[in-house]
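> got a predicted model here, sequence first, then my questions.
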Amino acid sequence: MKLGIVVGTIRQGRQTLKQANWVQKTAQQMEGVEVEIVDLADYPLPFFAEPVSPRYNPERKPEPAAQKWLDKIAEFDAYVFVTPEYNHSIPGVLKNAFDYFDWQMKRKPAAIVSHGTVGGARAAMHLKEIISEARAVPIPEFVALAHMSDVIDDDGNLSAEAAANPYGPQTALGNLLTELQWYSNALLTAK
Ligand SMILES: Cc1cc2nc3c(=O)[nH]c(=O)nc-3n(C[C@H](O)[C@H](O)[C@H](O)COP(=O)(O)O)c2cc1C
């Protein structure tokens, strides 16, 4: 499985990058997984303003910045979107990045790792709908994290206590990635 981990925020001092690093470290330990972080901060996109909706525009010629983003996303078999909750939804920068997609994610599975005061659950529910509209396959499992800044360092290492908790975030993330790999294998086989 070629796995892309999308970092859903760009602001200075963001927490989301730490959590993406943790997802990457965990995925790297799985057999048959090739993993890459895709940081929206490396793909500065203007607000989407193309004259035609991308999925209904066979003549589409995206601007170079958009094409770079689309080409990167098209490379993967599966995705984890790491997102916080901003005003009860996903950050605008992440929604804008989705608005550029045409068929890059079609029939590929996508999972969500969310965080926020209540685990980012409201953002995660919105993101599931958005993933569906990208014609990707949002998997049922998701990981919602509250108060993670207390237990994770900048490199994405969990505290020993959090890592050892059988009902804690490490177990939940392991289950999520195992499910994602199952869906990825199933969908690749079907193709
Ligand atoms: C603009 C903004 C809006 C936010 N709105 C919410 C919210 O509605 N619900 C919530 O639980 N947390 C909210 N938060 C808290 C964020 O989820 C939390 O700060 C998280 O770490 C932000 O991710 P980031 O550090 O990668 O930017 C908000 C934070 C920001 C900056």
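Done, it's in. Computed from a prediction, not measured in an experiment: that's the story for all the values here.
> show me what contacts the most centrally placed residue in the chain?
Compute the mean C-alpha point of the chain, and by Cα atoms, centre = their mean the closest residue is residue 81, 1.1 Å away. Residues near residue 81 by Cβ atoms under 8 Å, 6 or more residues apart in numbering: 6, 8, 94, 110-113, 127, 131. C-beta here means a position set from N, CA and C on the backbone, and glycine is covered the same way.
> what's the closest of the residues you listed to residue 37?
Residue 37 lies nearest to residue 6 out of the contacts of residue 81, by Cβ to Cβ, at 8.2 Å.
> flag every buried residue along the strand or helix carrying residue 25.
Assignment of secondary structure by DSSP states H and E places residue 25 within helix 16-28. By neighbour count on 16 or more other Cβ atoms under 10 Å, the buried set for helix 16-28 is 16-24, 26-27.
> which residues does it contact?
Outside helix 16-28, the residues that reach it (Cβ under 8 Å, 6+ apart) are 3, 5-9, 33, 35, 37, 39, 80, 82-84, 113, 115, 145, 148-149, 152-158, 170, 173-174, 177.
> just give the number of residues close to residue 61.
Using other Cβ atoms under 10 Å, residue 61 is surrounded by 8 other residues.
> check whether stretch 124-142 contacts the ligand.
No. Residues of stretch 124-142 are not located near the ligand by Cβ under 6 Å from any ligand atom, the shortest gap being 11.1 Å.
> contact partners of that stretch?
By Cβ under 8 Å, 6+ apart, stretch 124-142 touches 79, 81, 83, 89-90, 94-95, 98, 101, 103-114, 144, 175-176, 179-180, 183, 187.
> try stretch 41-56
The contact list for stretch 41-56, computed with Cβ under 8 Å, 6+ apart, reads 7, 10, 57, 60, 62-63, 65-66, 68-69, 72, 93, 96-97, 99-103.
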